[in-house]
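Chemist: Give me coordinates for this.
(one chain, ligands or ions: 1)
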Amino acid sequence: MTGPTGAALGAQAVRGGRGGGRRRPPPLRARVERTARLSPHLIRVTVAGPELAGFNYPGPASHFKILIPSVAGAPLTLPTPGEDGLVGYDPDAPVTMRTYTARAFRPESGELDVEFFVHGDGPAAQWAIAARPGDELGVSSPRRSGFALDPAARWLLLAGDSSAIPALGTILETDPAIEVTCLVELEDGQDAVPFAARRSEAIEWVIRPEGSAPGAALREAIAGRARRLGAGSFWVAGEAAAIRQIRADLLDTADYSREALVTRGYWRGGHSNHPDHDDGAEPID
Ligand SMILES: Cc1cc2nc3c(=O)[nH]c(=O)nc-3n(C[C@H](O)[C@H](O)[C@H](O)COP(=O)(O)OP(=O)(O)OC[C@H]3O[C@@H](n4cnc5c(N)ncnc54)[C@H](O)[C@@H]3O)c2cc1C
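Modeler: Predicted structure coming up:
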């Protein structure tokens, strides 16, 4: 059921990654309403359907799972989680599961926007490129918000790569009533399009030099800002190895406290389906 890359959804994936056995609500069936190419590498896919009445939007930077057919164009057979594994899982019609940000949810119309950074030949990126109105997918419901403004903070430094643009957009749109800077690392400068309806003046683009590792330029840009500036906080997401270096810089070199940081590994070079709960605190192989 689950290949070595974790591409296809297996019983463990639905029963819960950490410890397993945790029963999750069944995925909701949705359909693509429309797509929009926001920049050369960012595609917004708007999905809807009656089952999205059960979708919960807990707040900015909240994430959820998409479930798509593992074979392009195949009909979608969604598994149903049960106490003892999967009910109705069809090994002949496997699905692939990936983590995405709820960019916007409009309960009045039941529409959910998901924005895909189309980075290469990953199944989710390829699905987004090919997505057409009527295509089916499954979505789980986010369980918690991924950002809360510290009421004592006087400034906020947001940072991420292209995969974090949707989450950064949801945070900027909360219009925090403090000084905000938002650093975004791009591989392709043509992707530098404003992505938030509010506080877009806070966005500063960091173009990745050719041959540089993902996140290295972002790390440098953050280090340039991370003098001890008093009460403030950081929210940073991107490639998992880079996030570890950025977190270590902020804790060890710039001497910030853990409480001032939210760091998230969103993907990992050379690995498929990076776990959705990577806070960058533990070493990776
Ligand atoms: C909490 C959370 C929220 C996220 N929200 C979003 C979101 O809203 N939009 C979004 O685009 N992504 C988001 N991501 C990242 C997304 O889950 C990964 O990029 C995912 O791996 C993409 O799946 P895939 O099937 O395209 O590629 P995979 O099959 O997972 O990976 C295939 C190959 O592509 C590489 N790869 C994966 N992602 C990237 C990338 N971003 N850049 C360069 N190479 C990559 C992998 O290292 C691997 O070698 C989020 C991740 C997390 C944990």
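Chemist: need the contact list for the residue in the stretch 1-150 of the chain that the ligand sits nearest to.
Modeler: Closest contact between the stretch 1-150 of the chain and the ligand, by Cβ to the nearest ligand atom, is at Gly122 (2.1 Å). In short, each C-beta sits where N, CA and C put it, glycine included. Applying Cβ atoms under 8 Å, 6 or more residues apart in numbering, we find Gly122 in contact with Arg98, Ser272.
Chemist: pLDDT score for it?
Modeler: pLDDT for Gly122: 96.
Chemist: the helices in the stretch 151-285 of the chain, which residues?
Modeler: In the stretch 151-285 of the chain, the helices defined using DSSP state H, counting those that start in this stretch lie at 165-172, 216-225, 240-248.
Chemist: on that earlier part again, how much space between the residue of the stretch 1-150 of the chain closest to the ligand and Tyr256?
Modeler: To Tyr256, Gly122 is 33 Å away according to Cβ to Cβ, to the nearest Å.
Chemist: Which residue ranges make up the domains of the protein?
Modeler: Listed domain ranges for the chain are 11-139, 155-267 (source: automatic domain parsing).
Chemist: Which of these comes out lowest on mean pLDDT?
Modeler: Among those, domain 11-139 scores lowest, with a mean of 88.
Chemist: Measure how far it is from the centre of its chain, please.
Modeler: Relative to its parent chain, domain 11-139 has a centroid offset of 12 Å by Cα atoms, centre = their mean, to the nearest Å.
Chemist: in the protein, which strand has the most residues?
Modeler: strand 28-39 (DSSP state E).
Chemist: So which bits of that one are buried?
Modeler: For strand 28-39, the buried set under the neighbour-count rule, 16 or more other Cβ atoms under 10 Å, comprises Leu28, Arg29, Ala30, Arg31, Val32, Glu33, Thr35, Leu38, Ser39.
Chemist: Give me the nearest residue to the first one, chain neighbours excluded.
Modeler: Nearest-residue entry for Leu28: Glu51, 4.0 Å, with adjacent residues in sequence omitted and distances by Cβ to Cβ, 6 or more residues apart in numbering.
Chemist: Does the one you found belong to a helix, a strand or coil?
Modeler: For Glu51, the assignment made with DSSP: H, G, I helix; E, B strand; the rest coil gives helix.
Chemist: doesn't Pro25 make contact with it?
Modeler: No: Glu51 lies out of contact with Pro25 (Cβ atoms under 8 Å); the separation is 10.9 Å.
Chemist: Those two: who's more crowded?
Modeler: Taking neighbours as other Cβ atoms under 10 Å, Glu51 and Pro25 compare with Glu51 leading, 16 against 12.
Chemist: Quick check: the more buried one vs Ala148, distance?
Modeler: 28 Å.
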